[in-house]
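Q: my questions concern the predicted model and sequence given below.
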There are 2 protein chains.
Amino acid sequence: MNNESDQGVPASSNVRGAEYPRIHDDLRVTFRLEAPTAQRVQVQPGGDENGLGAGPFDMARDAAGVWRVTTPPVVPGLHYYWLLVDGVAVNDPASETYFGYGKQTSCVEVPEEGVDFYAIQDVPHGEVRARWYFAQATGAWRRAYVYTPPDYDTAGSRRYPVLYLQHGMGEDERGWTAQGRANFILDNLIAAGRAAPMILVMDSGYAMPREAGAGFGPSFIQQISEAFSKLALQDLIPMIDATYRTLAHREQRAIAGLSMGARQALHTGLSHTDTFAWIGAFSGPVLESLDLQTAYSGLFRDAEAFNRQVRLLWLSAGSVETRIDQGLQRLHEALDQMGIAHEIYRSAGTAHEWQTWRRSLHAFAPRLFRA
Amino acid sequence: MNNESDQGVPASSNVRGAEYPRIHDDLRVTFRLEAPTAQRVQVQPGGDENGLGAGPFDMARDAAGVWRVTTPPVVPGLHYYWLLVDGVAVNDPASETYFGYGKQTSCVEVPEEGVDFYAIQDVPHGEVRARWYFAQATGAWRRAYVYTPPDYDTAGSRRYPVLYLQHGMGEDERGWTAQGRANFILDNLIAAGRAAPMILVMDSGYAMPREAGAGFGPSFIQQISEAFSKLALQDLIPMIDATYRTLAHREQRAIAGLSMGARQALHTGLSHTDTFAWIGAFSGPVLESLDLQTAYSGLFRDAEAFNRQVRLLWLSAGSVETRIDQGLQRLHEALDQMGIAHEIYRSAGTAHEWQTWRRSLHAFAPRLFRA
């Protein structure tokens, strides 16, 4: 320990044995890369609202060709980042990788003081199962991740409700467990008796047929929502209900998602209230532009029917993802005025990042499948 | 398609939508990186015996700052590689990452003509389950990967034999499924009636207690073998037998591994023939130096007892990992001279790479758990 940047502890997101990135007591983060032949090395946080700050952070080279930088104190949570080696964005070899931005990307886990709801604890643990299936909707094999609760294999014929849980743009079926730690969140809630033992189904939100062109922008979001709805109804839900001991009934089936996945969850859930009774949207950009008179075939126009049919409409945002948070507040008021029952949740001090979505799942799951 | 390097097809190891690396009909591989600010970009194959060739391969920059190179024809299989950006080894953002060399590393999958034993096929599929458990041997939570065969959840009270399967140095519990495609190999063998439905257990071979210093070299290999044996006997096997519907008997329990994992499998299996009856070592560097008079408490000295106790001793190597292959041939002769029953398998044209180990598993698994 010859250097202040050597203090603190290795991030839990590091690969086995990697000493950097290191998290200091005051949540400054030290990054390190051995790169004697590089001319310039920087840390580039992912996206505009990244809890690491704005970046890029210039790293300083020592005589041995080791580059280091220590950031100012950062926001707790899991933050995407890259290293810029002579301007080229690459992964930090010291970090585990997480699928985001359409590729494998480095993340640093910054702990939140006193918070252990997503930590692995000494409680019974469920499994995260990779399940392969052929989807007619896409004409291709797919892999879904399925969380089964701790007693699944020992509970005989017991059947469970199911929450379908969608990731965000550029992520995939691995996101909710790798980044979101959804399995540990459920393990802990179930052990505390705070959530019903349930199955989580996490599939890729990318379900366009192979021949489809895939651009971006609003029409892409619409297309991808419709494609996922088709996949869910035609292939995924039937496969899950045929393969696992589910309670195959709308009252025991929920859908939620984050960001792009929030749009998909609302589109799929609110267009198929005969299939889903519990619907959650975390950091859904759709919220700012939702036309309550026309959306989802006018579903919101008859509040009484809506409130009878939809057991839970649950909406969340991080307080510092300003645009989405403000959209959520406006939607909240509009839904109240129309008499549409719903709940909102605001994650204090977090942005369009996984800490918002971990907290959202932790607040949402206990509300599901109640009498 | 304005360029010869644009021909061929995207590698199946690419991330969703990535067009490069591309595999040509003659198994040349084109790599591509957009890096306008870099001064030099190269492709660096992993290790001395990498099927991509010796490298590094210099990439050529076009006017837009896109770098490309096409290799000579390469060996089929999955090959680790990095890109050297101004001399710094980094991952290719177009590649899925695979845990090897102690970090997340790029790989390119080069198909082998007419070979589909490790492809996903239209057969019933087992699951790959992530299972967390606390190990007394290490004082820490661990994650094992467990393959359950296709009928596991529908077969009522049926119990299954178990193959413990260890990765190589620098890899982890994900290797045998992500790189090795062990689940698809078993799915296909089971569907064809060529292997008994079995459970695969894939844990990390790194099982040193937290306080242990971990150097490298022969004593490290010895330590890590003993540490894994302790973990397996004390924690892993009891957990597996308590959690899954196993046939918890030596005649229904096998252990195998590759490279460092071969050493661990031999050490664990041959030191505990009361626990394991079927033992496999794929590309085991131990083979060149094994002293058959003293190894494993002199187990080989009594051939009759050995042959009665050990149902299968199965050894393999790739024909072009010369040192290990020659060691295997010498061991084969020595075992024959001593009357020790065993089988050997030689993977033609492959080196110390996953294609050798996929083929080894494909040849080994059908030999297990026969009457």
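A: Yep, that arrived.
Q: and the nearest residue to A:D151 once chain neighbours are set aside, how many neighbours?
A: In this structure, A:D151 finds its nearest non-sequential neighbour in A:P197, 6.5 Å apart by C-beta to C-beta, 6 or more residues apart in numbering or on different chains. Placement of C-beta: from N, CA and C, glycine included. Residues near A:P197, counting by other C-beta atoms under 10 Å in any protein chain shown, number 18.
Q: which parts of the stretch 151-300 of chain A are strands?
A: A:162-166, A:199-202, A:253-258, A:278-282 (DSSP state E, counting those that start in this stretch).
Q: should've said the stretch 1-150 of chain A
A: A:9-10, A:22-23, A:29-34, A:41-45, A:57-58, A:60-61, A:66-70, A:77-85, A:88-90, A:97-100, A:103-110, A:127-135, A:140-148.
Q: can the last one be said to contact chain B?
A: Yes: among the residues of strand A:140-148, A:141, A:146 lie within reach of chain B under C-beta under 8 Å from any C-beta of the partner chain.
Q: C-alpha coordinates for that strand, CSV please?
A: C-alpha atoms of strand A:140-148 as CSV (Å, rounded to 0.1, in the frame of the first residue of the first chain):
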residue,chain,number,x,y,z
ALA,A,140,-35.3,-19.9,-34.2
TRP,A,141,-34.0,-21.5,-31.0
ARG,A,142,-34.0,-19.2,-28.0
ARG,A,143,-32.7,-19.3,-24.5
ALA,A,144,-34.8,-18.1,-21.6
TYR,A,145,-33.6,-17.7,-18.0
VAL,A,146,-36.0,-19.1,-15.5
TYR,A,147,-35.7,-18.5,-11.7
THR,A,148,-37.3,-21.2,-9.7
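Q: list the residues that contact the closest residue to A:R245 other than its chain neighbours.
A: Residue nearest to A:R245 in three dimensions, not counting chain neighbours: A:R159, with 4.7 Å by C-beta to C-beta, 6+ apart. By C-beta atoms under 8 Å, 6 or more residues apart in numbering or on different chains, the residues touching A:R159 are A:245-247.
Q: what does the stretch 51-200 of chain A put close to chain B?
A: A:83, A:85-91, A:93-97, A:99, A:102-104, A:120, A:122, A:125, A:127-134, A:141, A:146, A:153, A:172, A:177, A:183.
Q: what about A:P149, distance to B:I199?
A: Counting by C-beta to C-beta, to the nearest Å, the gap from A:P149 to B:I199 is 21 Å.
Q: before we move on, the earlier item: let's have the strands of the stretch 151-300 of chain A in JSON lines, adding distance to B:A262, mean neighbour count and mean pLDDT.
A: Formatted as JSON lines, those follow (distance: least, C-beta to C-beta, whole Å; neighbours: other C-beta atoms under 10 Å in any protein chain shown; pLDDT from 0 to 100):
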{"stretch": "strand A:162-166", "distance to B:A262": "40", "mean neighbour count": "28", "mean pLDDT": "98"}
{"stretch": "strand A:199-202", "distance to B:A262": "35", "mean neighbour count": "26", "mean pLDDT": "98"}
{"stretch": "strand A:253-258", "distance to B:A262": "43", "mean neighbour count": "30", "mean pLDDT": "98"}
{"stretch": "strand A:278-282", "distance to B:A262": "46", "mean neighbour count": "28", "mean pLDDT": "98"}
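Q: closest one to B:V74 among those?
A: Nearest to B:V74, of all the strands of the stretch 151-300 of chain A, is strand A:199-202, at 35.2 Å by C-beta to C-beta.
Q: residue furthest from the geometric center of chain A?
A: Within chain A, the residue lying farthest from the chain centre (C-alpha atoms, centre = their mean) is A:A63, at 41.2 Å.
Q: if I look at that one, how far off is B:D86?
A: 19 Å.
Q: okay, and the beta partners of the closest residue to A:V201 other than its chain neighbours?
A: Excluding the flanking residues, the one nearest A:V201 by C-beta to C-beta, 6+ apart is A:Y164, at 4.9 Å. In this entry, A:Y164 is beta-bridged to A:V201, A:I255, by DSSP bridges.
Q: ok, A:Y164 - contacts?
A: By C-beta under 8 Å, 6+ apart, the contact list for A:Y164 reads A:200-203, A:232, A:236-237, A:253-256, A:265, A:268, A:276.
Q: specify which member of those is nearest to A:M59.
A: Of all the contacts of A:Y164, A:M202 has the smallest distance to A:M59: 35.3 Å, by C-beta to C-beta.
Q: check contacts around the closest one.
A: Contacts of A:M202 by C-beta under 8 Å, 6+ apart are A:144-147, A:164-167, A:173-177, A:182.
Q: now do 7 Å
A: Applying C-beta atoms under 7 Å, 6 or more residues apart in numbering or on different chains, we find A:M202 in contact with A:144-145, A:165, A:173, A:176-177.
Q: with A:F99 instead?
A: Contact analysis of A:F99 by C-beta under 7 Å, 6+ apart lists A:171-172, A:174-175.
Q: one more pass at 6 Å, please.
A: By C-beta atoms under 6 Å, 6 or more residues apart in numbering or on different chains, the contact list for A:F99 reads A:171-172, A:174.
Q: do you know how far the nearest residue to it once chain neighbours are set aside is from A:T243?
A: Closest residue to A:F99 apart from its sequence neighbours, by C-beta to C-beta, 6+ apart: A:D172 at 4.9 Å. According to C-beta to C-beta, A:D172 stands 20 Å off from A:T243.
Q: looking at the contacts of A:R159, spot the one nearest chain B.
A: Proximity of the contacts of A:R159 to chain B, judged by C-beta to the nearest C-beta, is greatest for A:R245, which lies at 8.4 Å.
Q: need the pLDDT of that closest one.
A: A:R245 carries a pLDDT score of 97 in this model.
Q: if we can go back for a sec, now tabulate the strands of the stretch 1-150 of chain A in JSON lines and tack on mean pLDDT.
A: Converted to JSON lines, the strands of the stretch 1-150 of chain A look like this (pLDDT from 0 to 100):
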{"stretch": "strand A:9-10", "mean pLDDT": "98"}
{"stretch": "strand A:22-23", "mean pLDDT": "98"}
{"stretch": "strand A:29-34", "mean pLDDT": "98"}
{"stretch": "strand A:41-45", "mean pLDDT": "98"}
{"stretch": "strand A:57-58", "mean pLDDT": "98"}
{"stretch": "strand A:60-61", "mean pLDDT": "98"}
{"stretch": "strand A:66-70", "mean pLDDT": "98"}
{"stretch": "strand A:77-85", "mean pLDDT": "98"}
{"stretch": "strand A:88-90", "mean pLDDT": "97"}
{"stretch": "strand A:97-100", "mean pLDDT": "98"}
{"stretch": "strand A:103-110", "mean pLDDT": "98"}
{"stretch": "strand A:127-135", "mean pLDDT": "98"}
{"stretch": "strand A:140-148", "mean pLDDT": "97"}
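Q: what about the residue in the stretch 51-200 of chain A that chain B sits nearest to, how many neighbours?
A: Residue nearest to chain B within the stretch 51-200 of chain A: A:G87 (3.1 Å; C-beta to the nearest C-beta). Residues lying near A:G87 (other C-beta under 10 Å) number 18.
Q: residues contacting the residue lying closest to A:E4 once chain neighbours are set aside?
A: Nearest non-adjacent residue to A:E4, counting by C-beta to C-beta, 6+ apart: A:T70, 7.6 Å away. Shown in contact with A:T70 (C-beta under 6 Å, 6+ apart): A:5, A:28, A:30.
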